[in-house]
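Participant: build me a model:
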Amino acid sequence: MGFISLHNHTELCGHASGSIDEYIKAAIEKNITCFGFSDHAPVSVNTRESMSSEETETYIDMVLSAKDRYAESIEILLAFEVDYPLHASFAASYFTDERIDYLIGSCHFIDGWAFDNEKYIDEFSKRDVDDIYTKYYKTLESLVSSRLFNIVGHFDLPKKFGHRPLRDFGPTIESLAKKMSKEGMAFEVNTAGLIKPVGEMYPSKEIIDIFFRCNVPATMGSDSHSPQQAGCGYDLAIETLKAAGYRKLTVFRKRKPFEIVM
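Facilitator: Numbering: from 1, shown residues only. Have a look, this model is predicted:
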């Protein structure tokens with residue numbers, strides 16, 4: 001089978017490089033048969049970490065145009081990565097917009113702190129690491145309960161710079177996994193962590209094992225911010241998923257899940 005990649009960005013977010021065509025051509029070269037653009041939906045305080053509200057329709061038009069241009073070569077999907085708690089800068093109407101194939105729900109802020117931004121890494125030394133994870137997973141619990149999303153993005157993101165919890169969050173993660181399974185919400189194996197300081201995919205192998213036991217659908221994304229990153233680490237991702245017991249991946253079209261055999 002070809003690979004799927006449902007988490008990819010564009011230059012509109014302000015911290016990615018490369019044209020949409022360059023991403024798609026790189027995906028085709030890496031045998032990716034289903035490629036989803038899921039750029040950052042507008043956030044209220046925009047430090048060029050997302051597109052602006054005014055650029056939302058421009059982004060949609062760009063992706064849909066590419067979908068038509070490459071229809072015979074690769075399947076292109078339209079999506080957004082939406083920050084949770086929600087920002088008013090992303091209009092509520094997009095949550096029911098029939099043009100959108102899926103929505104990734106992600107948490108990048110804890111109490112207004114952009115914890116995955118290296119510019120603010122010093123804040124880790126000022127906080128209790130278990131408190132960080134407690135607040136993060138509590139946000140994810142609310143994200144899942146909102147039923148607004150199809151995929152939970154980079155599930156254990158606070159580890160990005162190597163900060164690990166001291167206590168066991170296994171019961172918390174299992175509770176979240178059961179809720180995700182009930183809602184039909186997938187997790188992504190996000191390979192971007194392999195090129196971050198943590199040097200590990202999101203989520204960890206241990207969390208993937210919990211997800212499999214709880215029957216949580218799996219999907220894949222390289223969270224690429226340049227064409228060169230598209231599909232990075234996919235052989236390891238497939239190996240890890242199969243080791244956990246997964247044999248199928250889930251894609252979303254028009255907000256509906258479809259399974260494909262790995």
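Participant: switch to C-alpha atoms for all contacts and neighbour counts from now on
Facilitator: OK.
Participant: all helices of this protein, in order?
Facilitator: Listed in chain order, the helices of the chain (DSSP state H) span residues 20-29, 56-69, 129-146, 170-183, 205-213, 234-244.
Participant: now render those as JSON lines, adding distance to residue 95.
Facilitator: Below are those laid out as JSON lines (distance: least, CA to CA, whole Å):
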{"stretch": "helix 20-29", "distance to residue 95": "23"}
{"stretch": "helix 56-69", "distance to residue 95": "13"}
{"stretch": "helix 129-146", "distance to residue 95": "11"}
{"stretch": "helix 170-183", "distance to residue 95": "16"}
{"stretch": "helix 205-213", "distance to residue 95": "26"}
{"stretch": "helix 234-244", "distance to residue 95": "29"}
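Participant: which of these sits closest to residue 44?
Facilitator: Each of these has some distance to residue 44 by CA to CA; the shortest is helix 56-69, at 13.3 Å.
Participant: avg pLDDT for that closest one?
Facilitator: Looking at helix 56-69 alone, the average pLDDT works out to 97.
Participant: over to stretch 174-184?
Facilitator: Across stretch 174-184, the average pLDDT comes to 97.
Participant: residue 13 reaches residue 39, doesn't it?
Facilitator: Yes. Counting by CA atoms under 8 Å, residue 39 is a contact partner of residue 13 at 6.7 Å.
Participant: pick out whichever of those two has more residues nearby.
Facilitator: Relative neighbour count places residue 39 above the other of residue 13 and residue 39, with 27 against 22, counting by other CA atoms under 10 Å.
Participant: now that one: closest residue in space that isn't a chain neighbour?
Facilitator: Among residues not flanking residue 39 along the chain, residue 9 sits closest, at 4.4 Å (CA to CA, 6 or more residues apart in numbering).
Participant: re earlier: make a markdown table out of the helices of the chain and add distance to residue 224 and mean neighbour count.
Facilitator: A markdown table is the format used below for these (distance: least, CA to CA, whole Å; neighbours: other CA atoms under 10 Å):
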| stretch | distance to residue 224 | mean neighbour count |
| --- | --- | --- |
| helix 20-29 | 9 | 18 |
| helix 56-69 | 15 | 16 |
| helix 129-146 | 22 | 17 |
| helix 170-183 | 25 | 17 |
| helix 205-213 | 21 | 18 |
| helix 234-244 | 12 | 16 |
